[in-house]
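Visitor: The following comprises the amino acid sequence and a computationally predicted model.
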Amino acid sequence: MELITTREIENFGRNLRFIPQAYFEPVNEAELIEILDRHSGCNFRAVGSLHSWSEAAYGDEVIISLRLFDQVEPVSTAESKTSEANSVWVGAGIQIKHLLEKLNRIGKTLPSLGLITEQTLAGAVSTGTHGSGRHCLSHYVQAVRIAHYCSDTRRACVTTIEGGDALRAVQCGVGNCGIITAIKVEVRDSFQIEELWLAYDTLDQVLEMEKQFPLQQFFLLPWKWTYLAQHRRESNQSASWPEWLYRVYFFLTIDIGLHIVLITAGKLFNNKKMVQWLFRKVLSRAIVKDWRVVGPSQRMLVMELELFHHIETELFVTADRLSAAIDFVQKSLKWSAGDGADLPDDYLRQVASTGLTGEFQAARGAYGHHYPICIRRVQPDSTMISMSSGGNQDWYAISLISYHRLSNRDGFFKAMNFLARAMALLFNARPHWGKHVPLSAGELVALYSEFENFKNVLSQLDPSGQFRNRWFSQLLNESHKE
């Protein structure tokens, strides 16, 4: 059904708003093909749950929502290339939380989970969503069905992509390869996670614990500059009897309590001294340490970050650059908070080498960071442009979240504009495609050695550029279709 709309579409972070000319919610591939053929001269953009902060979702002509594409069909042993059924075909519009529920009924789950489960599967795959300790979700995509225009007939069609460069591009295509209708994704038997929290003074201490807890994620506490590690590993044990109590504690203390306290101090009062005092004296002590709990992976590996509106920048660096990158983040946040009078000469030389003096000065005193900095390890993959693509080193994602009011985000943007651009130059840091991306088109493309290959695949799947929005057209050095 078509909706000619003047209703403004808004993303989760409330930083992206647009009014499309038309909006559709097709019920199947046949109806989607009919829509594409009827509007063959238009630009199209597929949207999911809009849980993204970048311009990836923007579209001012025809918006396609695939929320009704929510089927889950296990691949039979006869169809599978392996000796067991370890894949499912999933409708692109299903939210991950609903997919997990359906998989759980057949004793299966996803091999990798991000912190939240509100995204649609297609949205999560297309932007390289990841958890900690494993590959990003894109890595586990085995085949994709996409609706696009066939180059020979110029009519809309659905193509199944099962391998080669085309699959490597579509696995993390940021929504530009066509409209994904279904995804064949690897699944695995349901499993349990053992978890506990511990505090550390140094990064080396935290990284040493990866040998025991390969799925851990950890948090750098600003203003105290120590670490809280959420140690995680697979377990053969049954769920702990107080696992339900731990989930209640986690929800009330971390998902709700932590956010209310930090939002009140940082967002409502905008009180830098109060925020710093909370981190130095209160936060670490409020987390119960060494409480070992075993529970189902689909509950233990996620948080409820979607409960409070925020904006986020996430930067990926290789393992060999992690220590230097964290040190640079720490000093840059001090500078942004106006506490940089004693910054060392080596840091200032780093800044000078980037040529970003104007951005550096604009960030001075503009923003006080008020949330733990989440750091997660992501294994490398063979996609073309996921943030963890290429090389043989693990990547680490450094996530910076702000809960400042929408009207008070200028400081965050100034701080992230400098930090992201400087870290791209100094550490080849890649910003998450689905988060706030401060880099220019040229700066982004320079971070990916296979971007030209990606562009070549797009020219085959979408020669007229009808599935690219203005942002990605700039990355491809093309003019956005007016």
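Guide: Sure thing, it's come through.
Visitor: use CA for all of it now, contacts and neighbours both
Guide: Noted.
Visitor: helix/strand/coil for residue 322?
Guide: Three-state assignment for residue 322 (DSSP: H, G, I helix; E, B strand; the rest coil): helix.
Visitor: and it, what does it touch?
Guide: Residue 322 is in contact with residue 396, counting by CA atoms under 8 Å, 6 or more residues apart in numbering.
Visitor: and the gap between it and residue 329?
Guide: Counting by CA to CA, to the nearest Å, the gap from residue 322 to residue 329 is 10 Å.
Visitor: which regions of this structure lie under the pLDDT threshold?
Guide: Where the chain drops to pLDDT under 70, the residues are 1-6, 76-85, 266-271, 478-482.
Visitor: From residue 398, how far off is the residue sitting furthest away from the middle of it?
Guide: Centroid-distance maximum for the chain: residue 153 at 36.2 Å, with CA atoms, centre = their mean. In this view, residue 153 and residue 398 are 45 Å apart by CA to CA.
Visitor: give me the number of residues near residue 440?
Guide: The number of residues packed near residue 440 is 12, by other CA atoms under 10 Å.
Visitor: Please apply the same query to residue 355.
Guide: 12.
Visitor: Check residue 155 too.
Guide: With other CA under 10 Å as criterion, residue 155 counts 14.
Visitor: do residue 348 as well
Guide: Neighbours of residue 348 (other CA under 10 Å): 11.
Visitor: got the CA positions of the helix or strand harbouring it in CSV?
Guide: Following DSSP states H and E, one finds residue 348 within helix 345-354. Output of helix 345-354 as CSV, limited to C-alpha atoms (Å, rounded to 0.1, in the frame of the first residue of the first chain):
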residue,chain,number,x,y,z
ASP,A,345,54.2,17.4,24.1
ASP,A,346,54.0,14.0,22.3
TYR,A,347,50.2,14.4,22.1
LEU,A,348,50.4,17.9,20.8
ARG,A,349,52.9,16.8,18.1
GLN,A,350,50.4,14.1,17.1
VAL,A,351,47.7,16.7,16.8
ALA,A,352,50.0,19.0,14.8
SER,A,353,50.9,16.1,12.4
THR,A,354,47.2,15.7,11.4
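Visitor: Which strands or helices does it pack on?
Guide: helix 410-427 (3 or more CA pairs under 8 Å, 6 or more residues apart in numbering; DSSP states H and E).
Visitor: From the contact counts, what lies against the helix it packs on?
Guide: strand 311-318, helix 322-336, helix 345-354, helix 357-363.
Visitor: Dump the ones you listed into a markdown table; add distance to residue 170 as well.
Guide: Below are the helices and strands packed on helix 410-427 laid out as a markdown table (distance: least, CA to CA, whole Å):
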| stretch | distance to residue 170 |
| --- | --- |
| strand 311-318 | 20 |
| helix 322-336 | 29 |
| helix 345-354 | 33 |
| helix 357-363 | 35 |
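Visitor: and the spatially most central residue of the chain, what does it touch?
Guide: In the chain, the centroid-proximal residue (CA atoms, centre = their mean) is residue 129; its distance is 4.2 Å. Listed by CA under 8 Å, 6+ apart, the contact partners of residue 129 are 114, 136-138.
Visitor: The same query, at a cut-off of 6 Å, please.
Guide: Contacts for residue 129 (CA atoms under 6 Å, 6 or more residues apart in numbering) come out as 136-137.
Visitor: How about the secondary structure of it?
Guide: At residue 129 the chain is in coil, as set by three-state DSSP.
Visitor: same thing with residue 340?
Guide: coil.
Visitor: Can you get me a residue count around it?
Guide: Neighbours of residue 340 (other CA under 10 Å): 15.
Visitor: And for it, nearest residue in space, chain neighbours not counted?
Guide: Nearest non-adjacent residue to residue 340, counting by CA to CA, 6 or more residues apart in numbering: residue 334, 5.4 Å away.
Visitor: Can you give me the distance of the one you found to residue 402?
Guide: 15 Å.
Visitor: swap in residue 296?
Guide: Distance check for residue 296 against residue 402: by CA to CA, it reads 30 Å.
Visitor: And for residue 418?
Guide: 16 Å.
Visitor: out of the two, which sits in the more crowded spot?
Guide: Neighbour count, other CA under 10 Å: between residue 418 and residue 402, residue 418 has more, with 25 against 21.
Visitor: Pop the domain breakdown of this protein in here.
Guide: For the chain, the domain assignment from automatic domain parsing gives the residue ranges 2-64, 67-190, 192-445.
Visitor: Out of those, the one nearest residue 462 is which?
Guide: Nearest to residue 462 among the domains of the chain is domain 67-190; the distance by CA to CA comes to 6.3 Å.
Visitor: ok, back up a step: how far off helix 410-427 does the helix holding residue 348 point, in degrees?
Guide: Here the directions of helix 345-354 and helix 410-427 differ by 90 degrees (axes from the mean of the first three to the mean of the last three CA atoms, to 10 degrees).
Visitor: got the angle for helix 345-354 vs helix 322-336?
Guide: Using the same axes, to 10 degrees: helix 345-354 against helix 322-336 is 90 degrees.
Visitor: and stretch 33-42, how far apart are its ends?
Guide: Using CA to CA, the two ends of stretch 33-42 sit 14 Å apart.
Visitor: How far off centre is that stretch?
Guide: Mean-position distance between stretch 33-42 and its chain equals 30 Å (CA atoms, centre = their mean, to the nearest Å).
Visitor: same check, this time on stretch 178-194
Guide: Worked out by CA atoms, centre = their mean, stretch 178-194 lies 16 Å from the chain centre.
Visitor: can you list contacts of it?
Guide: Stretch 178-194 is contacted by residues 86-92, 107-111, 140-148, 232-235, 293-297, 467 when judged by CA under 6 Å, 6+ apart.
Visitor: For that stretch, list the C-alpha coordinates in PDB.
Guide: This file holds the C-alpha atoms of stretch 178-194, laid out as PDB (Å, rounded to 0.1, in the frame of the first residue of the first chain):
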ATOM      1  CA  GLY A 178      19.400  -3.100  -4.000                       C
ATOM      2  CA  ILE A 179      16.700  -3.900  -1.600                       C
ATOM      3  CA  ILE A 180      17.500  -7.000   0.500                       C
ATOM      4  CA  THR A 181      14.400  -9.200   0.900                       C
ATOM      5  CA  ALA A 182      15.900 -12.300   2.600                       C
ATOM      6  CA  ILE A 183      19.100 -13.400   4.100                       C
ATOM      7  CA  LYS A 184      20.500 -16.800   4.500                       C
ATOM      8  CA  VAL A 185      22.500 -16.600   7.800                       C
ATOM      9  CA  GLU A 186      24.500 -19.100   9.700                       C
ATOM     10  CA  VAL A 187      23.100 -20.200  13.000                       C
ATOM     11  CA  ARG A 188      24.300 -22.500  15.800                       C
ATOM     12  CA  ASP A 189      23.000 -24.500  18.700                       C
ATOM     13  CA  SER A 190      21.900 -22.400  21.600                       C
ATOM     14  CA  PHE A 191      24.600 -21.900  24.200                       C
ATOM     15  CA  GLN A 192      25.200 -20.500  27.700                       C
ATOM     16  CA  ILE A 193      27.400 -17.600  28.700                       C
ATOM     17  CA  GLU A 194      29.300 -17.300  32.000                       C
END
